[in-house]
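K.L.:
With the sequence up front, the predicted model follows.
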Amino acid sequence: MLAFYFDYDVRSAIAEGLRNRRVEVLMASEDGRLKADDENLLPRATELDRVLVTHDTRFHRIAKRWRGAGRDFSGILFATQDQSESGQVVEYLTSIAHALSSADMRNRLEFVQELAKSLTTSRPNCQSNL
């Protein structure tokens, strides 16, 4: 099962919803990295073998640089910021956590909603083109 590392901008209600479903979540703020530079969050998530969950599309650029340099990372999931969709995000992340392994997410960038919906039809095993 996947474990997640939440960027500081992801709502704590989503983390609590996942924890209630026994999904491992560590928030950057709980890890002493509140408002840490984005450049420091991806290495930390990778060190802990956790998929980074964020709203921040700047991570797309960071991941592109890492790929270009041949650096591996633990994966990045982009979630919606719409508070009215928090419950749905919890459901999507729960499905993803149970369906995929750390190896499945390695070096991937995915949108939470799209990846979760694709899991209902087949298990993805190729790298995203994001």
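P.N.:
Cool, got the structure.
K.L.:
in what helix or strand does L42 lie?
P.N.:
Per DSSP states H and E: L42 is located in helix 38-47.
K.L.:
buried ones in that helix?
P.N.:
Neighbour-count burial for helix 38-47 flags 41-42, 44-46 (criterion: 16 or more other CB atoms under 10 Å). (C-beta placed from N, C-alpha, C; glycine too.)
K.L.:
Helix or strand next in line after that helix, which one?
P.N.:
strand 51-54.
K.L.:
Next, the angle from the helix or strand just after that next one to helix 38-47.
P.N.:
Using DSSP H and E, the helix or strand that follows strand 51-54 in sequence is helix 58-68. Here the directions of helix 58-68 and helix 38-47 differ by 60 degrees (axes from the mean of the first three to the mean of the last three CA atoms, to 10 degrees).
K.L.:
The next helix or strand after helix 58-68 - what's its average pLDDT?
P.N.:
Later in the chain than helix 58-68, the nearest helix or strand by DSSP H and E is strand 76-78. Confidence for strand 76-78, expressed as mean pLDDT, is 96.
K.L.:
helices or strands up against strand 76-78?
P.N.:
If contacts are counted by 3 or more CB pairs under 8 Å, 6 or more residues apart in numbering; DSSP states H and E, strand 76-78 sits against strand 51-54, helix 58-68, strand 109-111, helix 112-119.
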